[in-house]
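Student: kindly generate the corresponding structure for this input.
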Amino acid sequence: MTLIETARALPSARDPFPALPRHRTVVAVDVEGSTRRTNHRRRDMREALYDVVEYALLAAGILERHRDPLIDRGDGILILIHPADSVPKAIILSRMLPALAAALASHAHRLRLRAAVHTGEVHYDRHGCYGDAVDLTFRLLEAPDLKTALAAAPAELVVVASEDVYRAVIRHEYDGLDKSTFRQAIDVRMGGERHLGWVRTSFTRSPAQIRPGECGAQHRHLRCSSAGGQALAGQRSDRGGGGAG
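Tutor: Next up is the predicted model:
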């Protein structure tokens with residue numbers, strides 16, 4: 001065995017820094033009013049939730065290799081997206097979330113979602129993931145003002161972006177983002193520190209602005225409409241069980 005082959009066989013070569021965090025874009029979504037549903041209706045809700053989230057990821061060109069497996073939260077999903085040149089943070093706001101809004105509006109099973117977007121260092125252990133970046137994302141997601149914003153919104157989706165995401169991406173208006181569509185409306189505290197969030201409650205981006213081929217036609221539940229817009233392929237499939245994707 002050569003020295004290079006020996007080095008590759010060592011555990012430290014596969015993960016030289018197992019105790020260190022990994023940088024991730026953290027996206028969390030949660031269904032409005034899930035506790036008012038019976039367990040049977042929650043099964044359908046979860047199927048629809050995974051349908052629209054998987055569709056939106058594919059619509060933005062975010063494939064399985066670009067992210068961790070989706071983390072089930074019962075009535076929500078945690079998405080951890082890896083840093084990659086092919087997946088800049090801007091497309092999560094400019095492409096994935098508008099695709100999610102379009103999918104929610106078109107799906108046979110009506111859902112209304114809150115979504116939070118942050119970026120930071122995420123730790124992993126044998127139980128899962130943890131760290132300030134994850135905690136802050138959920139603190140923003142669960143903010144009472146965000147729930148109020150969704151209750152008053154005409155659309156099926158409201159989004160809150162952390163201050164880090166606003167300063168790094170939104171205010172520069174990358175990839176066609178319009179910073180005027182976000183307003184500073186969330187103010188939460190974590191660890192004795194104040195954290196602000198910028199909220200978007202409407203999505204008017206034309207589906208035609210998403211490049212052909214990004215619509216995730218290979219997804220087993222979804223398709224692109226022949227008119228060039230984004231549409232769901234009718235009813236969900238009846239997969240058994242609780243519906244982790």
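
Student: what residues are up against the closest residue in space to residue 132 that isn't next to it in sequence?
Tutor: Setting aside the residues directly before and after it, residue 132 is nearest to residue 120 in space (CB to CB, 6 or more residues apart in numbering), at 6.5 Å. Where you see a C-beta, it was placed from the backbone N, CA and C, and this is true even at glycine. Residue 120 makes contact with 23, 24, 26, 131, 132, 133, 136, 164, according to CB atoms under 8 Å, 6 or more residues apart in numbering.

Student: what's the following helix or strand after the helix or strand harbouring residue 120?
Tutor: Residue 120 is part of strand 113-125, with elements assigned from DSSP states H and E. Using DSSP H and E, the helix or strand that follows strand 113-125 towards the C-terminus is strand 128-130.

Student: thinking again about what came up before, please name the bridge partners of the residue nearest to residue 132.
Tutor: For residue 120, the beta-bridge assignment (DSSP bridges) gives partners residue 24.

Student: separation between it and residue 92?
Tutor: 14 Å (CB to CB, to the nearest Å).

Student: repeat for residue 198
Tutor: Using CB to CB, residue 198 is found at 14 Å from residue 92.

Student: first-to-last residue distance for stretch 139-150?
Tutor: 16 Å (CA to CA, to the nearest Å).

Student: ok so residue 171 is a helix residue?
Tutor: Yes - assessed with DSSP: H, G, I helix; E, B strand; the rest coil, residue 171 lies in a helix.

Student: state the number of residues packed around it.
Tutor: As a burial measure, residue 171 scores 13 neighbours (other CB atoms under 10 Å).

Student: could you do the one 10 residues further on as well?
Tutor: Here the count is done by other CB under 10 Å, and residue 181 has 16 residues near it.

Student: which one is it nearest to, not counting chain neighbours?
Tutor: residue 200 (5.3 Å).

Student: test my guess that that neighbour contacts residue 182.
Tutor: Yes - if you go by CB atoms under 8 Å, residue 200 and residue 182 touch, sitting 5.0 Å apart.

Student: which neighbours do those two have in common?
Tutor: Joint contacts of residue 200 and residue 182 (CB under 8 Å, 6+ apart) are residue 161.

Student: re earlier: PyMOL command to pick out the buried ones of the contacts of residue 120?
Tutor: Those of the contacts of residue 120 that count as buried under 16 or more other CB atoms under 10 Å are selected in PyMOL with:
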select buried, resi 24+26+131+132+133+136+164
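
Student: residue 49: which of the contacts of residue 120 is nearest?
Tutor: Nearest to residue 49 among these is residue 26, at 17.6 Å by CB to CB.

Student: any chance you could map the helices in the protein?
Tutor: All helices of the chain, identified by DSSP state H, fall at 3-9, 11-14, 39-59, 90-91, 97-106, 132-141, 144-152, 163-168.

Student: can you check which of the ones you listed gets nearest to residue 30?
Tutor: Among the helices of the chain, helix 132-141 comes nearest to residue 30, with 5.8 Å by CB to CB.

Student: spatially nearest residue to the spatially most central residue of the chain (excluding sequence neighbours)?
Tutor: Nearest to the mean C-alpha position of the chain, counting by CA atoms, centre = their mean, stands residue 27 at 4.0 Å. Distance criterion CB to CB, 6+ apart; nearest residue to residue 27, sequence neighbours excluded, is residue 79 at 4.2 Å.
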